[in-house]
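K.L.:
Structure of the sequence below:
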Amino acid sequence: VMDRKLTYKQHLTSLRDKCFRALNILRCVARTSYGADRCTLLMLYRSLIRSKLDYACFIYDSACHSNKKPLDTIHHTALRIATGAFRTTPIDSLLAEVNEPPLALRRQRLGLRYVIKLRQFPSHPTYNHVFSNDMLVAFRPRPERRCVPLCLRIRSLVSESHLPVHEVMQVNHLSTPPWRLISPAVDISLSEDKKDSMHPEILKAKALEHISSFSDHTISFTDGSKGDEGVGCAFVCGSDTRSFTLPRNASVFTSELMALIKLLCYIEVSDDYIHLILTASLSSLMALRQFYPSHPLVQDILIRLTSLYNAGKNVTLCWIPSHVGIAGNELADAAAKRATQRQCTRRYKIPARDFYPAIATFLHRNWQEAWDSNYNNKLRKIKPQLSTWKSSSRRARREEVTLCRLRLGHTYATHGFLVCGGDRPRCPRCGSLLTVRHVLASCREYETERLKFLGPRSGRDTLRALLGDDSQLLDTNNLFAFLSAVGFTVVYAR
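P.N.:
Model prediction:
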């Protein structure tokens, strides 16, 4: 729903109403003491509600904050239902508990991904509206604008994230129709033997036996590698070993495909006509078996294979297991790893999808910095690093909700007075202000129950030791037994 002034108010109101109706599905399948587990509820939220919020979200991100605020309410309400968090829980704690970023960061992430992908297609109708300098000249003299256009917002984010957009590969339509491209000879028969269930020597023997059946072929090996220092690829053909250093943002999949491209370029000028390429990248070979692949590097490989076929050269690609002692594969792997330690001096272009992890890392770093600034947050003392709780999924829904509320520090016993009215509760045994920390770690009157259920004091001196993701108490259910023994009400029971 568009309006003349592009405030997106009508659109956001309509979107809010649709999402509010979808929230009823989450309310129907779970309560705080029974129903679906957290993983199921989050999956329903991401499928039925967040997908609506994501659609074209980076376009209406230019709307004013008051118009977008109802969407944040939907986001937070859905997460409260999924986790069972108490209504008084701070928003920052709720988002960190679920490891679900704020909608503002998600809109930035999807916007950056869209622009990086758009960079691949210069012929796209919106390309000039985002990357043209004429658009910047038209809007920059008016910094007081409430609605900042996409081109300015994205330029600012790209500059802040230091994304090398000049390294994005530009994609054109296939110069050769797909029905004129050959179907490459791909042999993945060795992949039927699972590496986890067979000894490496057996896998090596089977691979060497299979390779020996191609005795009339010129045998080559390719490999790609990605490490902390960089990305590299290499191929080995006879006595020749060539390695190449790629941009740091390149993925392992891209490095494997680049190794195949470099080898095909080598084959084009070689004197041999029958070749066998051995690679340990099963995903690359599966991509080459597609009829009309969308990946630009896969398209390039198919075009080169067709050109070699037309030149009378036969190329067969075969999968082999890695790290089982096959000499050529080990040489290619070592050369690729050496290439990761060198600096990339050539201007290689890589697909836009390879930049997605860098975008996610940049925005997660911003979220982490904001989380680090919450010095007095209860959850931050237990969870200093934003990540997914492995221990948050429990067999019983009530245990999930109980554990979540304990970590957040907001329970029915400690904060129910804010909802029901009344005075702030105090400990029934010592009279101090009632908090989660007081019951689990501080109050001396509960020490007998702590020794019985939680063990010696040395292993439970902090809330992080009791409620952290690696706490052994969560595996034995002793924590929940302690809460029952002392009568601490985390979830209201009618």
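
K.L.:
how about the strands in the chain?
P.N.:
With strands called from DSSP state E, the chain shows them at 185-187, 218-226, 231-237, 240-246, 274-279, 314-319.

K.L.:
As a markdown table, those with mean neighbour count, mean pLDDT and distance to S393 would be great.
P.N.:
Where you see a C-beta, it was placed from the backbone N, CA and C, and this is true even at glycine. Listed next are the strands of the chain as a markdown table, based on neighbours: other Cβ atoms under 10 Å; pLDDT from 0 to 100; distance: least, Cβ to Cβ, whole Å:
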| stretch | mean neighbour count | mean pLDDT | distance to S393 |
| --- | --- | --- | --- |
| strand 185-187 | 16 | 94 | 39 |
| strand 218-226 | 25 | 95 | 31 |
| strand 231-237 | 27 | 96 | 35 |
| strand 240-246 | 20 | 95 | 38 |
| strand 274-279 | 22 | 96 | 38 |
| strand 314-319 | 20 | 95 | 36 |
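
K.L.:
Surely L94 and A85 touch.
P.N.:
Yes: using Cβ atoms under 8 Å, L94 makes contact with A85 at a distance of 5.6 Å.

K.L.:
quick one: common contacting residues for those two?
P.N.:
L79, L408 (Cβ atoms under 8 Å, 6 or more residues apart in numbering).

K.L.:
ok so, going back, so which of the strands of the chain comes closest to P296?
P.N.:
Taking Cβ to Cβ, strand 240-246 is the member of the strands of the chain nearest to P296, at 14.6 Å.

K.L.:
Which residue ranges of the stretch 151-300 of the chain form helices?
P.N.:
200-212, 252-268, 282-288, 296-310 (DSSP state H, counting those that start in this stretch).

K.L.:
Just say which of these is most tucked in.
P.N.:
Among these, ranked by average contacts under mean count of other Cβ atoms under 10 Å, first place goes to helix 252-268 (a mean of 22).

K.L.:
how many other residues sit next to A104?
P.N.:
Residues near A104, counting by other Cβ atoms under 10 Å, number 15.

K.L.:
State the pLDDT value of it.
P.N.:
We have a pLDDT of 95 for A104.

K.L.:
For it, give its distance to L157.
P.N.:
Using Cβ to Cβ, to the nearest Å, we find A104 at a distance of 12 Å from L157.

K.L.:
thinking again about what came up before, tell me which of the strands of the chain approaches R464 most closely.
P.N.:
Of those, the one closest to R464 (Cβ to Cβ) turns out to be strand 218-226, at 33.3 Å.

K.L.:
and that closest one with helix 252-268, angle?
P.N.:
Interaxial angle of strand 218-226 relative to helix 252-268 (axes from the mean of the first three to the mean of the last three Cα atoms, to 10 degrees): 150 degrees.

K.L.:
List the strands paired with strand 218-226, with their directions.
P.N.:
Strand 218-226 has the following strand partners under DSSP bridges: strand 231-237 (antiparallel), strand 274-279 (parallel).

K.L.:
Reformat these into JSON lines and put distance to T254 next to each item.
P.N.:
Converted to JSON lines, these look like this (distance: least, Cβ to Cβ, whole Å):
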{"stretch": "strand 231-237", "distance to T254": "8"}
{"stretch": "strand 274-279", "distance to T254": "14"}
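
K.L.:
Please produce TSV containing the strands of the chain, extended by distance to A334.
P.N.:
Formatted as TSV, the strands of the chain follow (distance: least, Cβ to Cβ, whole Å):
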stretch	distance to A334
strand 185-187	25
strand 218-226	9
strand 231-237	8
strand 240-246	9
strand 274-279	15
strand 314-319	20
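
K.L.:
For G455, which of the ones you listed is the nearest?
P.N.:
Among these, strand 218-226 sits nearest to G455 (Cβ to Cβ), with 43.3 Å.

K.L.:
So the closest residue to Y45 other than its chain neighbours versus A360, what's the distance?
P.N.:
In space, and not counting its chain neighbours, Y45 is closest to A78: 4.5 Å by Cβ to Cβ, 6 or more residues apart in numbering. For A78, the distance to A360 equals 21 Å [Cβ to Cβ].

K.L.:
Which one's more surrounded, those two?
P.N.:
A78 (26 against 14).
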